[in-house]
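Novice: Okay, structure incoming, though there's no sequence with it:
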C-alpha cells in the first residue's frame, strides 16, 4: 500500500520522508537512494509531532543540517501541521519564529 495515498501521514520528530529536497539538496533529479526511500517511507508529511529535543533543534536557525527536514516538509507538502509536545515557551517561540521566517506566506502559527 502506498503511504502517500493516505489522507494523513504522521511523522515523529526527525523521521525521514523521501523527497528531492532532502536527498538531492533541493534538486529535482532522481537517484537510487531517494527512490528507495520513497518506496519505503513515502514523501508526504501531513503532521509532524515534535518532542522537546526536536522542537529546540528546529528552533535553531543556524543549524542547517537539522533544519533540512523542516525545509523538506515545507517545500514538498501543501500543508504540514506541527505538534510540539513537552516543550518550553522559549523553544516553541523560536521554532515558530524561524518557521514563519522561512515561509512567511505559507506558515500560520497558533499557540
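Specialist: That came in fine, so what should we check first? Since the model is a prediction, treat every value here as computed from it, not as a measurement. Numbering: from 1, shown residues only.

Novice: contacting residues around residue 81?
Specialist: 46-48 (Cβ atoms under 8 Å, 6 or more residues apart in numbering). (C-beta placed from N, C-alpha, C; glycine too.)

Novice: how about a markdown table for those residues, with distance to residue 73 added?
Specialist: Below are the contacts of residue 81 laid out as a markdown table (distance: Cβ to Cβ, whole Å):
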| residue | distance to residue 73 |
| --- | --- |
| 46 | 10 |
| 47 | 10 |
| 48 | 6 |
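
Novice: Dump these into TSV; add neighbour count and secondary structure as well.
Specialist: Output for these, formatted as TSV (neighbours: other Cβ atoms under 10 Å; DSSP: H, G, I helix; E, B strand; the rest coil):
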residue	neighbour count	secondary structure
46	16	coil
47	14	strand
48	24	strand
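
Novice: Between those residues, which sits nearest residue 55?
Specialist: Closest approach to residue 55 among the contacts of residue 81 (Cβ to Cβ): residue 48, at 10.6 Å.

Novice: I'd like the contacts of residue 81 as a markdown table, with distance to residue 101 and pLDDT appended.
Specialist: Converted to a markdown table, those look like this (distance: Cβ to Cβ, whole Å; pLDDT from 0 to 100):
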| residue | distance to residue 101 | pLDDT |
| --- | --- | --- |
| 46 | 23 | 88 |
| 47 | 22 | 89 |
| 48 | 18 | 87 |
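
Novice: Understood, closing this out.
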